[in-house]
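In: Could you work out the structure for the sequence below:
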Amino acid sequence: MTLNSIPSIDSIWNWLDAIPDPEIPAISLTDLGIIRDVTYEGDTLIVTLTPTYSGCPATSIINLDIETALRSHGIKKLELRRQLSPAWTTDWMTQDGRAKLEKYGIAPPQPSGGPTKCPHCGSQAVEKLSQFGSTPCKSQWRCTACLEPFDYFKCI
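Out: Numbering: from 1, shown residues only. Prediction:
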């Protein structure tokens, strides 16, 4: 691949936007906000990622998914960089990602520290069941109106 034929940064971002998060397939890695930068150094594509937390068990799968997707688009020279500072925050999630979470049945993060409504029925009558949910970044809640349990994506 010559410098004149390398894919544009916009194309790369579009390809990355199609990669689902392995733990929450309803949102993409770009929706989650963990892809911090995409750039070229010479003819090498550099993708910089910040995991949701340093011990995230999905990091290796995410790296493999990114590499597989980009190589399928003809990227030959690729480097994935891990950036831990500044630490990832739920503020980096896109509004589209937050809406996709709710549609999927997971209450999106709120500055108040808890969900404002049930993602299933929309009721504001919710209660925390456990600080821990299906993954370390979520807590378990229940709607007292429809009685359905749901995960809440914790603010970090």
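In: Pop the domain breakdown of the chain in here.
Out: 3-90, 105-153 (automatic domain parsing).
In: Columns mean pLDDT, mean neighbour count and distance to residue 96 on top of the ones you listed, output as a markdown table?
Out: Using the backbone N, CA and C atoms, a C-beta is placed for each residue, glycine as well. Formatted as a markdown table, the domains of the chain follow (pLDDT from 0 to 100; neighbours: other Cβ atoms under 10 Å; distance: least, Cβ to Cβ, whole Å):
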| stretch | mean pLDDT | mean neighbour count | distance to residue 96 |
| --- | --- | --- | --- |
| domain 3-90 | 93 | 15 | 6 |
| domain 105-153 | 93 | 16 | 11 |
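In: Could you export these to CSV, including columns for distance to residue 97?
Out: What follows is those, written out as CSV (distance: least, Cβ to Cβ, whole Å):
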stretch, distance to residue 97
domain 3-90, 3
domain 105-153, 8
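In: show me the contacts for residue 23.
Out: Residues near residue 23 by Cβ atoms under 8 Å, 6 or more residues apart in numbering: 58, 135.
In: would you say it is within a helix?
Out: No - using DSSP: H, G, I helix; E, B strand; the rest coil, the secondary structure at residue 23 is coil, not a helix.
In: and it, how far is that from residue 79?
Out: Using Cβ to Cβ, to the nearest Å, we find residue 23 at a distance of 24 Å from residue 79.
In: try residue 69
Out: Computed as Cβ to Cβ, the residue 69 to residue 79 distance reads 15 Å.
In: Also residue 100?
Out: Going from residue 100 to residue 79 by Cβ to Cβ gives 29 Å.
In: same thing with residue 153?
Out: 30 Å.
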